[in-house]
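S.K.: Would you be able to build a 3D model of this:
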Amino acid sequence: MLKIGLSTCGFTPDEEAFWKLAAAGIDAVELSMEKGYMDALDFAAVKGYADAFGVEIWSCHLPFYPFEVVDLSALDPALRQRTLVYYENLIAKASAVGITRFVAHPSGEPIPDAERKERLACAKDSLAKLAEIACRYGATIAVEDLPRSCLGNTAEELAELIAADGRLRVCFDVNHLLQGTHSNFLQTVGHRIITVHISDYDFKDEKHWLPGEGDINWQELYQGLLATGYKGVWMYELGQKPPRHLHRDRDLTFHDYVENAGAIFAGETPKALGQRLV
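M.R.: Numbers count the residues shown, from 1 in each chain. All right, here's what the predicted structure looks like:
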């Protein structure tokens with residue numbers, strides 16, 4: 001069994017939230033929020049709440065939107081440099097309270113086919129520099145696989161991106177993979193995975209549904225992940241309110257994530273709490 005984690009993309013990481021997380025049995029969080037909220041975040045205060053209730057701050061998701069403000073693959077070198085400076089500022093603040101894992105998107109979108117080769121080169125250059133920045137703070141960059149036309153939308157392209165620096169690692173977002181299979185992804189870059197984003201989807205586009213509400217074979221995926229040697233956190237990345245194309249009779253609670261993980265860890269098929277909308 002892995003530790004159970006939850007991204008803060010769906011709630012505010014305040015003292016009450018950490019009390020509820022601990023009471024539900026959630027072991028860890030990933031700090032993830034929109035740029036403005038992340039910029040104003042008091043990392044020391046959040047670390048204090050986490051420590052008080054025994055919840056680990058496992059990782060921090062570097063903001064990736066708006067794309068005209070942050071983009072590691074931008075063709076404009078000035079924008080790439082501003083992105084790196086911005087990310088270093090966040091890494092400095094977060095690493096000061098002991099956060100050592102940072103998730104990064106290799107690009108924004110859309111990316112026209114005619115630009116892809118050049119954008120890949122730009123992203124690799126930026127990621128190599130970001131790996132060096134993180135190393136100076138005792139931290140590691142986990143490059144996330146992305147959907148649609150984004151860079152890193154296949155296992156092979158993600159492998160090319162992380163080849164830019166041997167210190168780069170992978171964040172496997174299991175609901176972003178629209179090309180190829182989960183098993184091929186694990187075979188290709190599984191040894192470089194240091195964190196995951198867990199949610200379900202219909203293989204047509206990212207959906208961020210609760211496992212059991214989409215089409216992922218969770219036992220196959222879970223056992224495949226363990227076979228790579230992964231010992232990190234089972235990090236859910238979905239909010240409590242139902243996302244698009246899904247109906248639930250109520251919002252999710254922190255207990256729902258724990259029960260969902262428990263079913264998967266026990267070799268069971270997780271229960272679908274929502275119904276897809278046509």
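S.K.: Against residue 148, how distant is residue 73?
M.R.: 14 Å (C-beta to C-beta, to the nearest Å). All C-beta spots, glycine's among them, are computed from the backbone N, C-alpha and C.
S.K.: more crowded one of these two?
M.R.: Ranked by neighbour count (other C-beta atoms under 10 Å), residue 73 and residue 148 place residue 73 first, with 30 against 13.
S.K.: Assess the claim that the more buried one and residue 107 are in contact.
M.R.: Yes. If you go by C-beta atoms under 8 Å, residue 73 and residue 107 touch, sitting 3.8 Å apart.
S.K.: joint contacts of those two?
M.R.: Contact with both residue 73 and residue 107 is made by residues 119, 123, 151, according to C-beta atoms under 8 Å, 6 or more residues apart in numbering.
S.K.: now, which of the residues you listed lie within helices?
M.R.: Residues of the shared contacts of residue 73 and residue 107 located in helices (DSSP state H): 119, 123.
S.K.: Only whichever of the shared contacts of residue 73 and residue 107 are buried, select them in ChimeraX.
M.R.: Buried residues within these, by 16 or more other C-beta atoms under 10 Å, are selected in ChimeraX with:
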select :119,123,151
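S.K.: of the shared contacts of residue 73 and residue 107, closest to residue 219?
M.R.: Nearest to residue 219, judged by C-beta to C-beta, of the shared contacts of residue 73 and residue 107 is residue 151 at 30.4 Å.
S.K.: For that closest one, give me its contacts.
M.R.: Neighbouring residues of residue 151 by C-beta under 8 Å, 6+ apart: 73, 106, 107, 111, 116, 119, 120, 123, 157, 161.
S.K.: Go again with 7 Å.
M.R.: When contacts are counted by C-beta atoms under 7 Å, 6 or more residues apart in numbering, residue 151 is found next to 73, 106, 107, 111, 119, 120, 123, 157, 161.
S.K.: helix/strand/coil for the fourth one?
M.R.: Spelled out, that is residue 111. Under DSSP: H, G, I helix; E, B strand; the rest coil, residue 111 falls in the coil class.
S.K.: how about the helices in the protein?
M.R.: 15-24, 35-40, 43-53, 77-95, 113-136, 155-162, 182-189, 218-227, 254-265.
S.K.: Just give me the neighbour total for the residue nearest to residue 54 when sequence neighbours are not counted.
M.R.: Spatial nearest neighbour of residue 54, excluding adjacent residues (C-beta to C-beta, 6 or more residues apart in numbering): residue 22 at 5.8 Å. Using other C-beta under 10 Å, residue 22 has 17 other residues around it.
S.K.: and if you look at the one 4 residues further on?
M.R.: For residue 26, the tally of surrounding residues (other C-beta under 10 Å) stands at 24.
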